[in-house]
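1. what shape does this take:
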Amino acid sequence: MKHTFLKAAFSASLLISCGAVNAALIDLSTWQHDGQGTWTTQGVNNDSVFQSVNGQPTVFFEDGSNARNTAISGEITVQTTGDDDFIGFVLGYQDNEVTSNGSDFWLIDWKQGNQPSGGSTALAGLALSHVTNGSVENYFWGHHTGISEIARGSSLGNTGWADNTTYSFDIIHTASLIQVKVDGNIELSVSAAQAGVAEFNDGAYGFYNYSQSSVLYAGLEERVIDPPSQGVPEPTTLAIFGLGLLGLASRKLKNNH
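-> Residues are numbered from 1 along each chain as shown. Below you'll find the model as predicted:
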């Protein structure tokens, strides 16, 4: 009996440490897109979206949302062997910024292969950039002028994504931190100070494609994080219950010895 009780307490504590108690599926049915893209939601819960067009930079996002101090997770797959361009995410995004000369958002993009075009070269790998002018397509291609590259992935900075391969991702966005995990490995962890800003701005998170079709974002979940600077899930009823179980288990062990 004692072992069963301890097992239940441990399971509850594991949920707390993983933040799974806060996870909620993202309903994408009310989201919209900017730029040249065709985004089609999928799944019973509208928690997946497929982008099917090879075109200029495009973003799929929830207009008007302020998603700072949340974490998102899910899976991303390029379901074709026909191209090698950009997939990724945006943070702190507002409507039409992907084509605006007054942009202010954060871009996480991942290119499969090196490729020169229009006088600049797109480099293979995962990167975080600050977009302050999205009005010129070529800025996105070479990460220059209106797009300042801040950091590259720790192990994927020069490594492109693979065709027909599913990657898990976890992204944290707070006023002081942007952190990106791919397949459980921290690839980007950048403070506002390192990025040269007082804080990372609020706004929507969203999904990004540039010159890349057949991309599926699936099983998308979000959770609130508190305190924001630490990326720790805020307490919930289940979390408090789990802590209570651990305390009670400890007292039982003490009384049995």
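2. please name the bridge partners of the spatially most central residue of the chain.
-> The centre of the chain sits closest to residue 171, judged by Cα atoms, centre = their mean, with a distance of 3.6 Å. Under DSSP bridges, the beta-bridge partners of residue 171 are residue 72, residue 180.
3. so what's it scoring on pLDDT?
-> pLDDT for residue 171: 98.
4. let me see the contact set for it.
-> Contact analysis of residue 171 by Cβ atoms under 8 Å, 6 or more residues apart in numbering lists 71, 72, 73, 89, 91, 108, 178, 179, 180, 181, 205. For every residue, glycine as well, the C-beta is placed using N, CA and C.
5. pLDDT of stretch 81-101, averaged?
-> 98.
6. now do the same end-to-end measure for that stretch.
-> 34 Å (Cα to Cα, to the nearest Å).
7. pull out the buried positions in it.
-> Neighbour-count burial for stretch 81-101 flags 83-94, 97-100 (criterion: 16 or more other Cβ atoms under 10 Å).
8. from those, which land in strands?
-> Judged by DSSP state E, these include 86, 87, 88, 89, 90, 91, 92, 93 as members of strands.
9. hey, what's the last one bridged with?
-> If I follow you right, that is residue 93. Here residue 93 sits in beta bridges with residue 204, as judged by DSSP bridges.
10. tell me the one of the ones in strands among the buried residues of stretch 81-101 nearest residue 117?
-> Nearest to residue 117 among these is residue 86, at 11.9 Å by Cβ to Cβ.
11. quick one, what contacts the closest one?
-> 57, 109, 110, 111, 122, 140, 208, 209, 210, 211, 212.
12. against residue 141, how distant is the fourth one?
-> Put plainly, it is residue 111. Here residue 111 is placed at a distance of 9 Å from residue 141 (Cβ to Cβ, to the nearest Å).
13. which one of those two has more residues nearby?
-> The neighbour comparison of residue 111 against residue 141 (other Cβ atoms under 10 Å) goes to residue 111, with 26 against 23.
14. the buried residues of stretch 81-101: which two are farthest apart?
-> Going by Cβ to Cβ, the pair spanning the buried residues of stretch 81-101 furthest: 84 and 94, at 29.6 Å.
15. hey, where'd the helices end up in the stretch 51-200 of the chain?
-> 137-142, 192-195 (DSSP state H, counting those that start in this stretch).
16. can you put these in a markdown table and add mean pLDDT?
-> Below are the helices of the stretch 51-200 of the chain laid out as a markdown table (pLDDT from 0 to 100):
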| stretch | mean pLDDT |
| --- | --- |
| helix 137-142 | 97 |
| helix 192-195 | 98 |
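17. wait, which of those helices is closest to residue 118?
-> helix 137-142 (4.5 Å).
18. so which bits of that closest one are buried?
-> For helix 137-142, by 16+ other Cβ under 10 Å, it's 137, 139, 140, 141, 142.
19. residues contacting residue 218?
-> Counting by Cβ under 8 Å, 6+ apart, residue 218 touches 42, 43, 47, 48, 74, 75, 76, 77.
20. residues near the fifth one, how many?
-> Spelled out, that is residue 74. Counted with other Cβ under 10 Å, residue 74 comes out at 22.
21. that one and residue 219 touch, don't they?
-> Yes - judged on Cβ atoms under 8 Å, residue 74 makes contact with residue 219 at a distance of 4.8 Å.
22. from residue 130, how far off is residue 190?
-> Taking Cβ to Cβ, one finds residue 190 at 10 Å from residue 130.
23. need the residues touching each of those two.
-> residue 150.
24. more neighbours, the two?
-> residue 130 (21 against 17).
25. confidence-wise, which helix or strand of this protein is lowest on average?
-> helix 2-18 (a mean of 38; mean pLDDT, DSSP states H and E).
26. for the helix or strand just after that helix, what is the distance to the chain centroid?
-> Sequence-wise, the next helix or strand downstream of helix 2-18 (DSSP states H and E) is strand 24-25. Here strand 24-25 is found 14 Å from its chain centre; the criterion is Cα atoms, centre = their mean, to the nearest Å.
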